[in-house]
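**Q** next comes the sequence, and after it the predicted model I'd like to discuss.
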Amino acid sequence: MNWLQRLQARWKVGSLFQVLIILVVFACTGFTVLFLKRPLFNFCFGNDVIPLFASIIYYVLILPIYNLLLLFYGFVFGQFSFFWEFEKRFFNRIISIFRPKNKR
């Protein structure tokens, strides 16, 4: 079983073509986030040195922006339902970290 077939089984999608489309969506989202950083920082700080606090704020705020872009590109490429479920699982995992554990 090659890596594409393993992804197909893990993500429970119908075809290898759908796996490739999902990988394209992840790539487009990543490149968009990458290409947004420099113009955003140039707008805010010019060509000066970027302060540490700005980088920290960027990395904190990029998570929700990345997730919104993932849903947007998922919609554009016809995979919105996959990414909607993906996002729900992702946020449930994050929320479960902060939930108190039930002691039995």
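**A** Cool, the structure landed.
**Q** packing partners of the longest helix anywhere in the chain?
**A** Counting by DSSP state H, the longest helix found in the chain is helix 16-45. On a contact count with 3 or more C-beta pairs under 8 Å, 6 or more residues apart in numbering; DSSP states H and E, helix 16-45 meets helix 3-11, helix 52-76, helix 80-98. Glycine gets a C-beta too; all of them are placed from N, C-alpha and C.
**Q** let me know which of those is the nearest to Leu23.
**A** Of all the helices and strands packed on helix 16-45, helix 3-11 sits nearest to Leu23, with 7.9 Å by C-beta to C-beta.
**Q** now that closest one: how far from the chain's centre is it?
**A** Counting by C-alpha atoms, centre = their mean, to the nearest Å, helix 3-11 is centred 19 Å from the centre of its parent chain.
**Q** in the longest helix of the chain, what's buried?
**A** Applying a neighbour-count criterion of 16 or more other C-beta atoms under 10 Å, one finds 18-19, 21-22, 25, 28-29, 41 buried in helix 16-45.
**Q** do the same with stretch 74-91
**A** Quick answer for stretch 74-91 (16+ other C-beta under 10 Å): 74, 77, 79, 82-83, 86.
**Q** tell me which two in those residues are the farthest apart.
**A** So, these by C-beta to C-beta: farthest apart are Phe77 and Phe86, at 13.3 Å.
**Q** common neighbours of the two, please.
**A** Shared contacts of Phe77 and Phe86 (C-beta atoms under 8 Å, 6 or more residues apart in numbering): none.
**Q** distance check, the residue nearest to Leu16 when sequence neighbours are not counted against Arg89.
**A** Nearest residue to Leu16, sequence neighbours excluded (C-beta to C-beta, 6 or more residues apart in numbering): Leu4, at 5.4 Å. Using C-beta to C-beta, to the nearest Å, Leu4 is found at 21 Å from Arg89.
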